[in-house]
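S.K.: Starting from these lines, generate the structure:
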Amino acid sequence: MEKRVVITGMGAVTPIGHSVEETWQGIKDGACGIAEITHFDTTGEKCHMGAEVKDWVYPDKRAAKRLDLVNQYANIAAKEAMEQSGIVSGENVDPERFGIIAASGIGGVKTLEDQIVKATVKDTTRFVSALMVPMLIINMVGGNLAIEYQAKNSCLGLATACASGTHGIGEAYRMIKHGYADVMIGGGAEAPFSKICFAGFENMTATTVRTDPNRCSTPFDAERDGFVMGEGAGFFVLEEYEHAKARGAKILGEIAGYGTTCDAYHITAPEPSGDGAARAMKMALQDAGIAPEEIDYINAHGTGTPLNDLSETRAIKLAFGDETKVPISSTKGNIGHLLGAAGSVEAIFCLKAIEEGWIPPTINLEKPDPELTLDYVPNEGRKADITYTMSNSLGFGGHNGTLIIKKFVD
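M.R.: Next up, the predicted model:
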């Protein structure tokens, strides 16, 4: 028998806040977290702008030396989610029924870059840190959380590029839905601001070359020219409904559906017709047992690249019909593209939209593209009665993921 999966905690670290509430207030205020990159010197580069986490100080200075930023962001976001949920392993959940799926597109790339510099500049590997491997490997995003919270069920590290965060939540949802766990932490984290990683995106012409923060990340705009790299983390605590009810937990929302597909088309470009993404949306709708017209809001992947926004628009039309009036927005104008954390943070925005009855806008959308004819909620948010939201994530390699988040009704 399939189980209901509810959300009892959420946490976030983003370029506009160190918590869910700070971040969501920034979304409501129209804040833009994009600025000149400070992690490294961009002199001589074509691209100079990024969406960095601001004023970051990890609370445990000793531990910070043993953790890449990707782990630091994950730890703080998961801590917020765990504190809100009230879950304590061994007290209100069996440790062997408590697991983690923590995703990242790139992992500890800054650690790797720093250690390569040590080895090559000094011409010896003697100075390479003994902690390099656990600081850079993606599975330790979840491994550190499992140790901290004594989660002894499955602990998996997942990497599907820019769809990673969505898949982290979706696969955690499936673990509970099919009876393998009672509680899961699911989400993603990313800290990609190393010179070499940035150069890779820059040289494939994926990132914007603009310098005006309000014209850098311009999803669905006719002048869009690339995404803005961002960093941060987002996590949900997911719980089997009866388990949450039995311990008197406050239930924030429900995961109603999940779909995941692959374009099987190209290493970076989306399949032009949008077929793969459309199939993920249809799969999620079928999983939720609802019709397309029941979706009240879609948080789009909406990267602000010429190819993504066109193919995603086509995908939504394939799944919802050419004449759909569903409101769609991208929040990447506010926080940039958090890569492996994008989907999990955007799923949080979907839940907050339900809680507050307010659809976040697509900021920076000044010049409509005549090929993009859907309702992208330009520049101003809207009051709305929201029951079902959809969140899309589309990653390099053709990875597609869709979540449907529902208002909780007992």
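S.K.: Quote the end-to-end distance of stretch 178-194.
M.R.: Stretch 178-194 stretches 39 Å from its first residue to its last (Cα to Cα, to the nearest Å).
S.K.: That one: how far from the chain's middle?
M.R.: 10 Å (Cα atoms, centre = their mean, to the nearest Å).
S.K.: List the buried residues of it.
M.R.: 181-194 (16 or more other Cβ atoms under 10 Å). C-beta coordinates here come from the backbone N, C-alpha and C atoms, glycine included.
S.K.: ok, residue 377 touching residue 326?
M.R.: No. With contact defined as Cβ atoms under 8 Å, residue 377 does not count as touching residue 326 (10.3 Å).
S.K.: So for those two, which residue has more residues nearby?
M.R.: Legend: neighbour count by other Cβ atoms under 10 Å for residue 377 and residue 326, higher for residue 377 (23 against 18).
S.K.: Check what pLDDT the more buried one gets.
M.R.: Each residue has a pLDDT score; the one for residue 377 is 98.
S.K.: residue contacts, it?
M.R.: 327, 328, 329, 359, 360, 361, 362 (Cβ atoms under 8 Å, 6 or more residues apart in numbering).
S.K.: which of those residues tops the neighbour count?
M.R.: Ranking these using other Cβ under 10 Å puts residue 329 first, with 30 neighbours.
S.K.: For it, give its distance to residue 298.
M.R.: 8 Å (Cβ to Cβ, to the nearest Å).
S.K.: for residue 153, same thing?
M.R.: 32 Å.
S.K.: Can you pick out the residue with more neighbours from those two?
M.R.: residue 298 (31 against 20).
S.K.: Now for the more buried one: which residues touch it?
M.R.: 316, 326, 327, 328, 329, 389, 390, 391, 392.
S.K.: Name the nearest of those residues relative to residue 89.
M.R.: residue 391 (28.1 Å; Cβ to Cβ).
S.K.: my read is the closest one is in a strand, agree?
M.R.: Yes. Applying DSSP: H, G, I helix; E, B strand; the rest coil, one finds residue 391 inside a strand.
S.K.: Check which helices and strands the longest helix along the chain sits against.
M.R.: Taking DSSP state H as the assignment, the helix of the chain that covers the most residues is helix 69-85. When contacts are defined as 3 or more Cβ pairs under 8 Å, 6 or more residues apart in numbering; DSSP states H and E, helix 69-85 packs onto strand 5-13, helix 139-149, strand 183-190, strand 232-240.
S.K.: okay, those in a markdown table with mean pLDDT next?
M.R.: Listed next are the helices and strands packed on helix 69-85 as a markdown table, based on pLDDT from 0 to 100:
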| stretch | mean pLDDT |
| --- | --- |
| strand 5-13 | 99 |
| helix 139-149 | 98 |
| strand 183-190 | 98 |
| strand 232-240 | 99 |
